[in-house]
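> I'd like to go over a predicted model; first the sequence, then the structure.
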Amino acid sequence: MVGIIDYGVGNLFSLQSSFGAIGEEAFVSGDPEQLAKAQRLVLPGVGAFEDAANKLRSSGLDAFVREQTAQGKPLLGICLGMQLLFEKSFEYGEHGGLGLLKGRVVPMEGRLPETLKIPHMGWNRLEVKGGKLLREAEGQYVYFVHSFFAEGCNDSLAAVTEYGIPITAAVERGNIFGCQFHPEKSGNVGLSILRTFCRL
Amino acid sequence: MITKRIIPCLDVRNGRVVKGTNFQGLQDVSSPVALGKFYSDNGADELVFYDITASAEGRRLFTDILTQVAATIFIPLTVGGGINTVEDFDRVLKCGADKVSVNSGAIRDPDLVHAAARRYGDQCVVLSADVKRVEGQFRVFAKGGREDTGMEAISWIKRCVSNGAGEVVLNSIDTDGVKQGFDLEMLEAVSEAVDVPVIASGGAGCEEDFVTLFKTLPKVDAGLAASIFHFGQVKIPELKKTLRENDILVRL
């Protein structure tokens, strides 16, 4: 059973449905007691880093996530949920994240060739560097929407995608997994990545 | 690199896809869920669902259908039609839409784009503009292309983008339905004026029209069409093969 962590950011309907589509039971909850019963956790997220980090903190779910992952429970962060796994973000200021992975989140602006549009939005190709989650996803196209990206995360880097420069597309370290792209919006490729997560 | 996107558009009235289709093997060709699934399984990069229902009852039906679509199809979904307020954004986003397209609603209420972008983010707000040449000028039309607003299109689109529209669907009324190719002149003017993704709509009749679009205007990000896909005149997997043979990057 997959517990999708609801801390008040974004709509989790598609994400929950995508687990249903691969025959995995998934529930959405913001209650640590309920979420603790799940075998796996998903940390979703859309919107601004600071707002999301504050909501995680004020709900106490940040401590819950740290405690559950320390016990070895698999956690998958998606999009902003992946960015929250890092130590800090420089999205409009400087904000602390969960610190489960080494690295920081920085804006694309000023770091990409000027001809490229921001956000990085659309289907882009995965170059898999390692790890278990994406072992069958080399060269596959997945769907991205983001204006900030993780860097300084070589020790957890699992995949990059090329957008003028290599952009961190996925990270993995032990039982901590993260996708910058949206597996729940990446068609059959995305669904098979979620299926792999459910079997790890 | 990001691929060029191919986007089928489904017009929905009273819960059914309006323009008929002739797909073999698809039992219910006017079911938005069945047709959406067909496209998703056959190479569409994104789907647009356009609600052309006028009644409140039809609108409720549309949101029910949308919920079913979002529970079945796992590619990005854009929803438009009847979006006049931030509450309308909320209504369709809760049903599983990823992006919301505004047209007449943005003309009626100049603050709508800004208010929606602030609440949901720029990437969520798509400006859909119906544009036609009038007296040597690109003019914005409202109400499904029936009413000339008198506004010059390029400055209108630029204003909406600076207010937070994260993407622009440019539908040329001049080429729509003619099937002689996209309106390259109009698309060039818009794609030079804004730095958000531009989606070409109106005029595609064959695979070659998409090749010409992306070859001539590399800044255009996506091509949208309806009936040529619904009637199988252009099949998306074959279209994408042709695009790739012409060195245009697509997801196969």
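Right, received. Where do you want to start?
> Now do the contacts for residue 2.
Because you didn't say which chain, this covers chain A. A:Phe19, A:Glu24, A:Glu25, A:Ala26, A:Phe27, A:Ala38, A:Gln39, A:Arg40, A:Leu41, A:Val42, A:Cys198 (C-beta atoms under 8 Å, 6 or more residues apart in numbering or on different chains). (Each C-beta comes from the backbone N, C-alpha and C, glycine too.)
> ah, I was thinking of chain B
Per C-beta under 8 Å, 6+ apart, neighbours of B:Ile2: A:His120, A:Met121, A:Gly122, A:Trp123, A:Asn124, A:Phe144, A:Tyr163, B:Asp221, B:Leu249.
> neighbour-wise, which of the residues you listed leads?
Greatest neighbour count in those, by other C-beta atoms under 10 Å in any protein chain shown, goes to A:Trp123: 27 neighbours.
> and that residue, that one's in a strand?
Yes - judged by DSSP: H, G, I helix; E, B strand; the rest coil, A:Trp123 forms part of a strand.
> Can you name the residues bridging to it?
Counting by DSSP bridges, A:Trp123 is bridged to A:Tyr143.
> check contacts around it.
Per C-beta under 8 Å, 6+ apart, neighbours of A:Trp123: A:Tyr141, A:Val142, A:Tyr143, A:Phe144, A:Ser186, B:Ile2, B:Thr3, B:Arg5, B:Asp45, B:Arg251.
> how many other residues sit next to the first one?
Right, A:Tyr141. 24.
> Am I right that it is in contact with A:Arg125?
Yes - with contact defined as C-beta atoms under 8 Å, A:Tyr141 counts as touching A:Arg125 (5.5 Å).
> what about B:Val33, how many neighbours?
Neighbours of B:Val33 (other C-beta under 10 Å): 18.
> swap in B:Val220?
Neighbours of B:Val220 (other C-beta under 10 Å): 21.
> close enough to count as contact, B:Cys160 and B:Ala106?
Yes - judged on C-beta under 8 Å, B:Cys160 makes contact with B:Ala106 at a distance of 6.1 Å.
> what do these two both touch?
Counting by C-beta under 8 Å, 6+ apart, the residues touching both B:Cys160 and B:Ala106 are B:Val113, B:Leu127.
> so how far is chain B from the residue positioned nearest the centre of chain A?
Chain A has A:Ile78 as the residue nearest its centroid, 2.4 Å off, counting by C-alpha atoms, centre = their mean. From A:Ile78 across to chain B, the span is 13 Å (C-beta to the nearest C-beta, to the nearest Å).
> Determine the longest helix present in chain A.
helix A:187-199 (DSSP state H).
> Give me the buried positions along it.
Neighbour-count burial for helix A:187-199 flags A:Gly187, A:Val189, A:Gly190, A:Leu191, A:Ser192, A:Ile193, A:Leu194, A:Arg195, A:Thr196, A:Phe197, A:Cys198 (criterion: 16 or more other C-beta atoms under 10 Å in any protein chain shown).
> Now tell me what touches that helix from outside.
Under the criterion C-beta under 8 Å, 6+ apart, residues A:2, A:18-19, A:21-22, A:24, A:40, A:74, A:76, A:132-137, A:140-143, A:177, A:179, A:181-184, A:186, B:40-41, B:74-75 lie in contact with helix A:187-199.
> so of these, which ones are in helices?
Going by DSSP H, the helices hold A:Ser18, A:Phe19, A:Ala21, B:Ser40, B:Asp41 from the contacts of helix A:187-199.
> Can I have the buried ones of these as a ChimeraX selection?
Buried residues among these (16+ other C-beta under 10 Å), as a ChimeraX selection:
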select /A:18,19,21 /B:40
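> ok, A:Pro119 - how many residues close by?
18.
> typo on my end, A:Phe64
A:Phe64 is flanked by 19 other residues according to other C-beta under 10 Å.
> Can you give me the buried ones in the helix or strand hosting it?
Using DSSP states H and E, A:Phe64 sits within helix A:61-70. Within helix A:61-70, the residues that count as buried by 16+ other C-beta under 10 Å are A:Leu61, A:Asp62, A:Phe64, A:Val65, A:Gln68, A:Thr69.
> My guess is the fifth one contacts A:Val42. True?
No - in this structure A:Gln68 lies outside contact range of A:Val42 using C-beta under 8 Å: 11.9 Å.
> joint contacts of those two?
With C-beta under 8 Å, 6+ apart, A:Gln68 and A:Val42 have common neighbours A:Leu75.
> Return the per-residue confidence for the residue nearest to A:Ala21 when sequence neighbours are not counted.
Take A:Ala21 and drop its neighbours on the chain: the residue closest to it by C-beta to C-beta, 6 or more residues apart in numbering or on different chains is A:Leu191, 6.1 Å away. The confidence metric pLDDT takes the value 97 at A:Leu191.
> ok, A:Leu191 to A:Val142 distance?
11 Å (C-beta to C-beta, to the nearest Å).
> what do the two both touch?
Joint contacts of A:Leu191 and A:Val142 (C-beta under 8 Å, 6+ apart) are A:Pro183.
> Would you tell me which residues of chain B are close to chain A?
Within reach of chain A by C-beta under 8 Å from any C-beta of the partner chain, chain B has these residues: B:1-3, B:5, B:40-41, B:45, B:67, B:70-72, B:74-76, B:93-96, B:98, B:121-123, B:166-167, B:195-197, B:221, B:251.
> ok now do the residue nearest to the centre of chain A, which residues does it touch?
A:Leu15, A:Val42, A:Leu43, A:Pro44, A:Gly45, A:Gly178, A:Cys179, A:His182, A:Pro183, A:Glu184.
> make it 7 Å
Remark: with contacts taken as C-beta atoms under 7 Å, 6 or more residues apart in numbering or on different chains, A:Ile78 is in contact with A:Val42, A:Pro44, A:Gly45, A:Cys179, A:His182, A:Pro183.
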